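with the input below, show me the fold.
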Amino acid sequence: MFSRILIANRGEIALRIIRACREMGIETVVVYSEADRNASYIELADQAICIGPASPTHSYLNIPAIISAAEVADVDAIHPGYGFLAENAHFAQICADCGIIFIGPRPESMRMLGDKVAARELAKKAHVPVVPGSDGQIKDDKEAIKLANKIGYPVIVKAAAGGGGRGMRVAHNDISLRNAFATAKTEAEAAFKDGTVYLEKYIVEPRHVEVQVMADKSGNTLHFFERDCSIQRRHQKLIEESPCPILDERTREELCKSALKVIKEANYENAATVEFLLDRNKKFYFIEVNTRIQVEHPVTEMVTGIDLIKMQLKIAGGQNINLKQKDIKHSGVAIECRINAEDPERNFSPCPGKVDKFILPGGMGVRVDTHIFQGAVVSPYYDSMIAKLIVHRPTRDEAIITMKRALSEFRIGPIKTTIPACLKILSHNLYLQNKVDTSFIEQHLT
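Below you'll find the predicted structure:
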């Protein structure tokens with residue numbers, strides 16, 4: 001096992017990793033930007049190294065600075081967290097070339113699954129259902145229109161190297177598809193330096209359901225059941241829960257087995273999330289693999305009782321998974337609300353600034369993952385998420401009641417947050433009746 005690791009990230013995930021390492025007797029080194037100089041978790045790490053100014057390009061995305069910090073601190077491994085360099089195969093390869101273990105998948109697996117076209121082909125090879133669409137990239141709008149008329153509108157144009165909703169456009173006819181193709185390609189080139197796009201049938205009223213998996217170096221693979229992430233805005237998740245409230249046991253088993261088929265086909269190791277769309281008839285389709293730990297991993301930890309960060313560390317350290325699938329039990333219902341520094345009344349616009357009031361909720365079944373404290377400053381340079389509120393109760397009704405109570409106790413000011421929006425969603429009849437899809441916020445909250 002490692003004696004010292006570097007955490008190439010910030011915020012609540014940096015603190016989450018520090019806590020897991022402390023319990024395992026592993027020393028931690030955190031890197032930070034000048035904007036994060038006063039971050040609370042810096043005091044909890046064994047060593048902290050400043051790697052640049054506030055801009056992510058010059059700090060948390062600055063590979064030479066991070067590698068230099070790792071070499072100066074003499075670490076065994078680097079944990080990338082999520083976001084920033086977590087799914088950067090080039091960074092993972094540089095770590096390997098420098099003799100530093102990357103706590104995540106091998107670079108070749110990351111490259112293959114990071115390309116959505118290649119991942120789609122891999123899923124088909126593993127006999128996992130995929131959304132009808134192109135066999136590879138679409139070269140021009142004429143080809144796109146020909147295929148769209150074959151599979152039927154609506155369709156969605158997606159960036160092969162995309163993520164976070166960038167490079168994705170829905171089209172309902174030939175004219176809108178021409179515009180969607182051009183826009184998605186331009187956006188993909190700007191965001192990912194790769195303008196490759198492909199086409200899929202757009203699933204109407206879909207639910208977004210994902211399966212948490214782990215795989216060790218010996219090829220042992222396990223799933224940790226599913227999470228429903230349908231409550232999202234512009235492809236950014238806001239509320240997640242487990243189990244998916246509309247899945248029957250047979251479909252759940254098929255879904256989780258399909259996720260493992262993809263991971264085995266990719267010869268994958270460490271943590272991954274296999275994502276699916278679920279249509280109105282509860283038929284599921286593979287869409288992509290996230291080759292990292294997810295923001296919403298606490299949902300799975302709460303219902304299984306398993307520390308996923310510790311498991312990541314053990315696998316990267318060469319240990320085999322000492323569990324069998326039958327050992328992993330799902331208990332109760334967990335819900336997570338992302339608390340973002342955004343103003344829902346102003347179209348969720350970012351709301352950075354100093355936090356003068358910060359009072360955490362508590363009580364039975366309540367967990368808060370956050371790096372924020374009273375007097376902290378929410379920076380405009382980074383993602384707006386400042387906390388994750390997670391509850392775990394025996395039933396969904398009880399979990400919703402506890403979450404609403406915990407949200408009402410949470411005090412953050414004077415900056416605006418997504419707490420009021422989460423309360424509205426949790427009180428909405430369609431959410432309570434399990435009749436939501438990925439367009440819920442756009443249709444019923446804005």
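
worst-scoring helix or strand of this protein, pLDDT-wise?
When the helices and strands of the chain are scored by mean pLDDT, DSSP states H and E, strand 155-163 comes last with a mean of 88.

name the residues that touch that strand?
87, 114-118, 133, 137-138, 144, 147-148, 166-171, 177, 180-181, 184-185, 187-188, 191-192, 194-202 (Cβ atoms under 8 Å, 6 or more residues apart in numbering). Yep, even glycine has a C-beta here, placed from its N, CA and C like the rest.

residues touching the residue nearest to Thr186 when sequence neighbours are not counted, list them.
The shortest distance from Thr186 to any non-neighbouring residue, by Cβ to Cβ, 6 or more residues apart in numbering, is to Gly195 (7.3 Å). Neighbour list for Gly195: Ala159, Lys185, Thr186, Ala188, Glu189 [criterion: Cβ under 8 Å, 6+ apart].

can you pull the phi/psi pair for Gly195?
Per-residue torsions, Gly195: phi -90, psi 10 (degrees, to the nearest 10).

that one and Gly162: what is the separation?
According to Cβ to Cβ, to the nearest Å, Gly195 and Gly162 sit 11 Å apart.

ok, Gln236 next?
Distance from Gln236 to Gly162, by Cβ to Cβ: 13 Å.

where in the stretch 101-250 of the chain is pLDDT low?
163-164 (pLDDT under 70).

next, the angle from the particular helix or strand that has Lys124 in it to strand 155-163.
Assigning secondary structure by DSSP states H and E places Lys124 in helix 116-125. Counting by axes from the mean of the first three to the mean of the last three Cα atoms, to 10 degrees, helix 116-125 lies at 110 degrees to strand 155-163.

next, the buried residues of helix 116-125.
Lys116, Val117, Ala119, Arg120, Leu122, Ala123 (16 or more other Cβ atoms under 10 Å).

so what's the residue count around Glu205?
The tally of other residues near Glu205 (other Cβ atoms under 10 Å) stands at 14.

can you pull the contacts of it?
Applying Cβ under 8 Å, 6+ apart, the residues near Glu205 are Asp279, Arg280, Asp437, Ser439.

at 7 Å instead, please
By Cβ atoms under 7 Å, 6 or more residues apart in numbering, the contact list for Glu205 reads Arg280, Asp437.

assign it to helix, strand or coil.
What DSSP: H, G, I helix; E, B strand; the rest coil gives for Glu205 is coil.

roughly how far does it sit from Ser230?
For Glu205, the distance to Ser230 - Cβ to Cβ - is 10 Å.

and for those two, which residues touch both?
With Cβ under 7 Å, 6+ apart, Glu205 and Ser230 have common neighbours Asp437.

quick check: closest non-adjacent residue to Met110.
Nearest one to Met110, counting by Cβ to Cβ, 6+ apart, is Ala89 at 4.2 Å.

and the one you found, how many neighbours?
22.

contacts only, for it.
By Cβ under 7 Å, 6+ apart, the neighbours of Ala89 are Pro107, Met110, Arg111, Gly114.

mind checking pLDDT for it?
Here the pLDDT value assigned to Ala89 is 97.

please apply the same query to Glu27.
pLDDT, read off for Glu27, is 98.

isn't it right up against Arg4?
Yes. Using Cβ atoms under 7 Å, Glu27 is in contact with Arg4, at 4.1 Å.

just give me the neighbour total for the spatially closest residue to Met1 that is not a sequence neighbour.
Leaving aside its chain neighbours, Met1 sits nearest to Gly317 (4.7 Å; criterion: Cβ to Cβ, 6+ apart). Other residues within reach of Gly317, judged by other Cβ under 10 Å, total 17.

pretty sure Gly317 sits against Cys21.
No. The criterion here is Cβ under 7 Å, and Gly317 misses it with Cys21 at 11.5 Å.

and the residue most central in space within the chain, what does it touch?
Centroid-nearest residue in the chain: Gln294, 3.6 Å away (criterion: Cα atoms, centre = their mean). Shown in contact with Gln294 (Cβ under 7 Å, 6+ apart): Tyr82, Thr273.

compare Gln236 and Gly162 (neighbour count), which wins?
Gly162 (24 against 16).

coming back round to it: the residue nearest to the centre of the chain: which element?
Gln294 belongs to no helix or strand, assigned by DSSP H and E.

mind checking pLDDT for it?
97.

name the single longest helix found in the chain.
helix 174-192 (DSSP state H).

one step back: packing partners for whatever helix or strand comes next after the least confident helix or strand of the chain?
Scanning forward in sequence from strand 155-163 by DSSP H and E, the next helix or strand is strand 166-171. Applying 3 or more Cβ pairs under 7 Å, 6 or more residues apart in numbering; DSSP states H and E, we find strand 166-171 packed against strand 155-163, helix 174-192.

what's the angle from the longest one to strand 155-163?
Yep, that's helix 174-192 we're talking about. Using the same axes, to 10 degrees: helix 174-192 against strand 155-163 is 0 degrees.

quick one: buried residues of helix 174-192?
Leu177, Arg178, Ala180, Phe181, Thr183, Ala184, Lys185, Glu187, Ala188, Glu189, Ala191, Phe192.

how far does it sit from the chain's center?
From the chain centre to the centre of helix 174-192 is a distance of 24 Å (Cα atoms, centre = their mean, to the nearest Å).

show me what it is packed against.
helix 141-151, strand 155-163, strand 166-171, strand 197-201.

out of the ones you listed, nearest to Ser349?
Across those, Ser349 has its closest neighbour in strand 166-171 (18.3 Å, Cβ to Cβ).

ok, the closest residue to Ala77 other than its chain neighbours to Glu296 distance?
Spatial nearest neighbour of Ala77, chain neighbours left out: Ile101 (3.8 Å); criterion: Cβ to Cβ, 6+ apart. Per Cβ to Cβ, Ile101 is found 25 Å from Glu296.

comparing those two, which residue is more hemmed in?
Counted by other Cβ under 10 Å, Ile101 and Glu296 do not tie: Glu296 has more neighbours, with 24 against 18.

so that one is in contact with Glu336, correct?
Yes. Assessed by Cβ under 7 Å, Glu296 is found in contact with Glu336 at 5.4 Å.

overlap in contacts, the two.
Joint contacts of Glu296 and Glu336 (Cβ under 7 Å, 6+ apart) are Glu240.

got a list of contacts for the helix or strand hosting His208?
Here His208 sits within strand 207-215, counting by DSSP H and E. Applying Cβ under 7 Å, 6+ apart, the set of residues contacting strand 207-215 from outside is 221-224, 226-230, 232, 244, 255-256, 259-260, 263, 268-278, 284, 297, 300, 311, 315, 321, 437-438.

what lines up beside the least confident helix or strand of the chain in the sheet?
strand 166-171 (antiparallel), strand 197-201 (antiparallel) (DSSP bridges).

burial measure for Leu432, as a count.
14.

how many neighbours does the residue lying closest to it once chain neighbours are set aside have?
Once flanking residues are discounted, Leu432 sits nearest to Ile400: 7.2 Å by Cβ to Cβ, 6+ apart. Using other Cβ under 10 Å, Ile400 has 19 neighbouring residues.
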